[in-house]
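Chemist: Build the 3D model from these lines:
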Amino acid sequence: MEKTEIKKILKFYKSIYPNSKLSELNIETVNSWYLMFEDYSYEQVQRAIIKFSKSNKYIPNLAEIISNIEVPEYTIELIEPYTVIVSFEDEEYGNFPFRFFNSQEAKKNIEKFKECSYDKESIKILHEEHVRKRNAGVLTYRGEAKARLEQKLQNQNRGKKYDKQSSFSW
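Modeler: Presented below is the predicted three-dimensional model:
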């Protein structure tokens with residue numbers, strides 16, 4: 001999360017807890033919240049505050065907010081230039097490589113994975129769709145290439161005349 005998002009989180013926090021003495025204008029508050037939440041996305045922290053406020057009437061401290069943050073069960077790694085690996089600790093699921101055509105697309109999808117907490121089945125489905133889309137052009141090309149080759153062979157066979165040497169008689 002960026003510091004500008006910390007200010008938005010503090011405004012959001014203040015709107016839910018108007019009696020709180022925290023201010024998004026206080027540099028020390030922004031810095032301390034940034035240190036605590038820099039590894040999380042804006043959406044994760046916001047959902048944690050909402051989750052806490054629905055079940056408690058008291059103002060949460062930082063540790064209580066962090067304990068309510070839902071962290072996905074996977075890690076995300078960018079392998080330059082265009083591959084994103086989503087890894088599960090569970091051996092049944094393992095790794096899901098997502099390969100993109102450019103680095104911007106790879107980085108955009110990393111952000112998508114970080115913002116949303118996908119479950120294992122959702123990642124598996126997303127990976128299958130991704131592979132299907134990525135290979136669609138290759139399969140089409142292969143199909144076209146095969147059709148062109150078959151057409152070429154048919155044209156060659158039509159042009160051949162009867163060859164006496166290749167035939168035999170009984």
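
Chemist: Give me the neighbour count for residue 123.
Modeler: 19 (other CB atoms under 10 Å). (C-beta placed from N, C-alpha, C; glycine too.)

Chemist: for the one 3 residues further on, same thing?
Modeler: Neighbours of residue 126 under the rule other CB under 10 Å: 18.

Chemist: doesn't residue 118 make contact with it?
Modeler: Yes: using CB atoms under 8 Å, residue 126 is in contact with residue 118, at 7.0 Å.

Chemist: Am I right that residue 103 is in contact with residue 79?
Modeler: No: between residue 103 and residue 79 there is no contact, the gap being 11.0 Å when judged by CB under 8 Å.

Chemist: What distance do you get for the most centrally placed residue in the chain to residue 1?
Modeler: Central residue of the chain (CA atoms, centre = their mean): residue 113, 3.5 Å from the mean position. Using CB to CB, to the nearest Å, residue 113 is found at 15 Å from residue 1.

Chemist: same check, this time on residue 125
Modeler: Taken as CB to CB, the span from residue 125 to residue 1 is 28 Å.

Chemist: Then residue 25?
Modeler: Counting by CB to CB, the gap from residue 25 to residue 1 is 18 Å.

Chemist: between these two, who's got more neighbours?
Modeler: Taking other CB under 10 Å, residue 25 and residue 1 do not tie; residue 1 has more neighbours (20 against 9).

Chemist: Now do the contacts for that one.
Modeler: 9, 34, 37, 38, 39, 40, 41, 42, 45 (CB atoms under 8 Å, 6 or more residues apart in numbering).

Chemist: redo that, cut-off 10 Å
Modeler: Neighbouring residues of residue 1 by CB atoms under 10 Å, 6 or more residues apart in numbering: 8-9, 33-34, 36-45, 114.

Chemist: Can you say which of the residues you listed are buried?
Modeler: Buried members of those, scored by 16 or more other CB atoms under 10 Å, are 9, 33, 34, 36, 37, 40, 41, 42, 44, 45, 114.

Chemist: Okay, and which of these map to helices?
Modeler: Among these, the members found in helices (DSSP state H) are 9, 33, 34, 36, 37, 42, 44, 45, 114.

Chemist: Spatially, which two of those residues are the most separated?
Modeler: Farthest apart among those by CB to CB are 33 and 114. That separation is 18.5 Å.

Chemist: shouldn't residue 113 be in contact with residue 127?
Modeler: No: judged on CB atoms under 10 Å, residue 113 makes no contact with residue 127 at a distance of 11.2 Å.

Chemist: between these two, what contacts are shared?
Modeler: Common neighbours of residue 113 and residue 127 are listed as 86, 98 (criterion: CB under 10 Å, 6+ apart).
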